[in-house]
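Peer 1: After the sequence you'll find the predicted model.
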Amino acid sequence: MNARVEAGRVRVRRATEADIAVLAEHRVALRIDEHGLPLEARRLARDATVATYAELIATGEFLAWIGERDGAVAGSVCAWLRRMLPIEDGRRPLDARVQAMYILPAQRRSGLGTALMNALLDVMRELGVRRVYLHPSDAGRRFYPAFGFSPSDEMELILASKESL
Ligand SMILES: CC(C)(COP(=O)(O)OP(=O)(O)OC[C@H]1O[C@@H](n2cnc3c(N)ncnc32)[C@H](O)[C@@H]1OP(=O)(O)O)[C@@H](O)C(=O)NCCC(=O)NCCS
């Protein structure tokens, strides 16, 4: 039997306002993994994320998906849409940034991230999104190429440290 089926029944659904708290928990967990967010900063980070997600989801520019295994939340991912400046024919393409892809540690490597990413990309294609981009984690660098992601040629300049903002 296929290992992904043995691992349990996976379901991906669009997140609603009711999922904002869990989406924020996942973003904070990701930041703890990546930046070692100190204990005292976690509640502030979670509350600020809840407020920001609520604002952005209400505008329609921020979409999110929840991944469930056997009926329990096991991961999530978000996409932040941006209408770009006009191209030659006057149309304004949509770009989307993937944000906060996160699978609970015990649920990793059993297909949930793939199911979430496929759901996100299906909707991006339906919406006519021109480009999907993201900043990969170390694990992400090995996960995203299978969907067609490749390194881009953007440059950046950090003008202010987190402390000075
Ligand atoms: C990266 C992440 C989203 C992948 O989700 P997942 O559900 O574990 O991924 P899948 O089971 O669908 O993996 C599909 C394939 O991607 C690759 N892959 C995923 N995670 C990997 C890792 N840590 N190292 C190497 N390859 C990896 C493998 O080829 C894997 O197939 P395999 O398990 O048959 O070898 C998940 O591990 C995660 O949430 N990590 C912590 C947070 C994070 O890094 N998020 C990404 C931010 S950009």
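Peer 2: That came through, no problem. Numbering: from 1, shown residues only.

Peer 1: List the buried residues for stretch 23-36?
Peer 2: 23-31 (16 or more other Cβ atoms under 10 Å). Quick note: C-beta positions are derived from backbone N, CA and C, even for glycine.

Peer 1: The residues you listed in helices, which ones?
Peer 2: 23-31 (DSSP state H).

Peer 1: any low-confidence regions in this protein?
Peer 2: 1-7, 165 (pLDDT under 70).

Peer 1: got the residues of the protein near the ligand?
Peer 2: Taking Cβ under 6 Å from any ligand atom as the contact definition, the chain meets the ligand at 30, 33, 101-103, 108-114, 134, 136-137, 139-140, 142-143.

Peer 1: Of the buried residues of stretch 23-36, which is the nearest to the ligand?
Peer 2: Distance to the ligand, by Cβ to the nearest ligand atom, is smallest for L30 among the buried residues of stretch 23-36, at 5.2 Å.

Peer 1: Tell me which residues touch whatever residue of the chain ends up closest to the ligand, please.
Peer 2: With Cβ to the nearest ligand atom as the measure, G113 is the residue of the chain nearest to the ligand, at 2.3 Å. G113 makes contact with 67, 75, 101, 103, 143, according to Cβ atoms under 8 Å, 6 or more residues apart in numbering.
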